[in-house]
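Asker: Sequence isn't available, so here's the structure alone:
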Ligand SMILES: C[C@H](O)[C@H](O)[C@H]1CNC2=NC(N)=NC(=O)C2=N1
């Protein structure tokens, strides 16, 4: 069973991750892309990376915004896997145009 991270460990992990919030239940980031098709492209690029990691996000796609929520369901909270996936989310998002950018 993966080890759950406490709030201090989560705060430490997120100092390097602009735009993320976290508590022991989940890490969240809301990403507003340039348009709807870009938001869909983000999901399409992220999906195979999640398969590679065997770790999957909860995603809410609304028009050009994707709300990303990361938790390790089998552990009942945030683990190192979620921190790792947050990095992948940032990497994939960085390759696509954001709203207002
Ligand atoms: C069998 C497989 O490893 C598990 O079901 C994985 C798949 N992806 C997962 N993703 C997330 N976020 N939490 C899990 O507990 C999880 N479990």
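Answerer: Perfect, I can see it now. Since the model is a prediction, treat every value here as computed from it, not as a measurement. Numbering: from 1, shown residues only.
Asker: For the residue nearest the centre of the chain, list the residues it contacts.
Answerer: With distances taken as CA atoms, centre = their mean, residue 86 lies nearest the centre of the chain, 4.2 Å away. For residue 86, the residues meeting the contact criterion (CB atoms under 8 Å, 6 or more residues apart in numbering) are 13-14, 17, 20, 27, 29, 70. C-beta here means a position set from N, CA and C on the backbone, and glycine is covered the same way.
Asker: phi, psi of residue 61?
Answerer: Backbone torsions of residue 61, given as degrees, to the nearest 10, read phi -100, psi 120.
Asker: What spatial separation is found between residue 17 and residue 53?
Answerer: Using CB to CB, to the nearest Å, we find residue 17 at a distance of 17 Å from residue 53.
Asker: quick revisit: quick check: the residue nearest to the centre of the chain vs residue 71, distance?
Answerer: For residue 86, the distance to residue 71 equals 11 Å [CB to CB].
Asker: ok so, going back, which secondary structure element is home to the residue nearest to the centre of the chain?
Answerer: Using DSSP states H and E, residue 86 falls within helix 80-94.
Asker: The residue nearest to residue 27 when sequence neighbours are not counted: how many residues sit nearby?
Answerer: When the adjacent residues along the chain are set aside, residue 27 lies closest to residue 70, with 4.3 Å between them (CB to CB, 6 or more residues apart in numbering). Using other CB atoms under 10 Å, residue 70 has 25 other residues around it.
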